[in-house]
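Enquirer: Output the structure for:
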Amino acid sequence: MHIRLLSATTLLIFGLPLFASAATAAELQQQVQGLQDKVTQLQQAKSASAACPTPGKTMKKGSTGIDVTRLQQFLAQDKTVYPEGTITGTYGPLTEKAVQRFQTKKGIVSSGTPETTGYGAVGARTAAAIAASCSGSSAGTTTLKNPVGGLIAVAPYAGGSSRGISVQVTVNAANSCAAATYLLDYGDSSRIPPIVVPAGACKSATSVTNHTYQLPGTYQVTLSTGAHKVSVAVAVN
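Expert: Numbers count the residues shown, from 1 in each chain. Here you go, the predicted structure:
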């Protein structure tokens, strides 16, 4: 990918019209700098897209593989969370410490151990929080926004069933002070209590729920309030 980008830069630079020789050196330099900036933006966008981990099982110290690599890439984007920024594909002490900082920062958990509270391990709640922090979507994890004034992030739930999902729900994303009632629908006719935002709350609220489908299929997970809704399709085996 780097070779292609560099080649594209070269072609763009040398592809400038010949009559540009009449321009001043400063103008030529400005054009070249503009092209280089565009290539940098493309590289950054590619990097951000690649750094959205989508784990289908709990990750902790000793784990290895592409999911760990993506986790490290994601964490390295925030220097306050992962100042070392090393990408090794192995979940070691530095990665565990970075995950702990992320969990504390997001209000997930701030004490305990990976075995007792999940502190330092990437389980369902932490995976959902990571999904919510990643814009757009990627295989296995999806985050959506729309006029509903809320956000849902769906991630695989490693709870002993391949039909399990974890949903992070953020309501009142606009920080409205008006009362509102949100409905979360997993798409399988299960009964779920409404999420009530009282008048005067004036801030968003986030919660995480786990759900297991009884039958394989494709379901629509939907968050709605009034006539507005946001939904994402979930396929389970």
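Enquirer: and the one helix or strand Thr126 maps to, what other elements does it pack with?
Expert: Following DSSP states H and E, one finds Thr126 within helix 124-133. Using 3 or more C-beta pairs under 8 Å, 6 or more residues apart in numbering; DSSP states H and E as the contact definition, the elements that helix 124-133 packs against are helix 66-76, helix 93-105, strand 141-146, strand 150-156, strand 164-171, strand 205-212. Yep, even glycine has a C-beta here, placed from its N, CA and C like the rest.
Enquirer: mind redoing it with 7 Å?
Expert: In terms of contacts (3 or more C-beta pairs under 7 Å, 6 or more residues apart in numbering; DSSP states H and E), helix 124-133 is packed against strand 141-146, strand 150-156, strand 164-171, strand 205-212.
Enquirer: Quick check: the gap between the nearest residue to Ala235 once chain neighbours are set aside and Ala233.
Expert: Leaving out its chain neighbours, the residue that sits closest to Ala235 by C-beta to C-beta, 6 or more residues apart in numbering is Thr218, at 4.7 Å. Counting by C-beta to C-beta, to the nearest Å, the gap between Thr218 and Ala233 amounts to 6 Å.
Enquirer: what do you get for Cys202?
Expert: 33 Å.
Enquirer: before we move on, the earlier item: hang on, the residue nearest to Ala235 is in a strand, isn't it?
Expert: Yes. Counting by DSSP: H, G, I helix; E, B strand; the rest coil, one finds Thr218 located in a strand.
Enquirer: Specify the local secondary structure of Thr86.
Expert: Under three-state DSSP, Thr86 falls in the coil class.
Enquirer: How about it, nearest residue that isn't a chain neighbour?
Expert: Thr86 sits nearest to Leu94 (C-beta to C-beta, 6+ apart), 6.4 Å away.
Enquirer: Could you measure from the one you found over to His228?
Expert: For Leu94, the distance to His228 - C-beta to C-beta - is 43 Å.
Enquirer: and what of Asn172?
Expert: According to C-beta to C-beta, Asn172 stands 12 Å off from His228.
Enquirer: okay, the two: which has more neighbours?
Expert: Taking other C-beta atoms under 10 Å, Asn172 and His228 do not tie; Asn172 has more neighbours (22 against 13).
Enquirer: so that one makes contact with Thr206?
Expert: No. With contact defined as C-beta atoms under 7 Å, Asn172 does not count as touching Thr206 (10.0 Å).
Enquirer: Give me the neighbour count for Thr225.
Expert: For Thr225, the count of nearby residues is 20 (other C-beta under 10 Å).
Enquirer: give me every residue that touches it.
Expert: Residues near Thr225 by C-beta atoms under 7 Å, 6 or more residues apart in numbering: Val148, Gly149, Ala180, Thr181, Tyr182.
Enquirer: So the third one is in contact with Val197, correct?
Expert: Yes. Counting by C-beta under 7 Å, Val197 is a contact partner of Ala180 at 4.5 Å.
Enquirer: who touches both of the two?
Expert: What both Ala180 and Val197 touch, as defined by C-beta under 7 Å, 6+ apart, is the set Asn172.
Enquirer: So for the two, which sits in the more crowded spot?
Expert: Neighbour count, other C-beta under 10 Å: between Ala180 and Val197, Val197 has more, with 22 against 19.
Enquirer: Is the nearest residue to Leu71 once chain neighbours are set aside part of a helix or strand, or is it coil?
Expert: Excluding the flanking residues, the one nearest Leu71 by C-beta to C-beta, 6+ apart is Pro53, at 4.4 Å. What three-state DSSP gives for Pro53 is coil.
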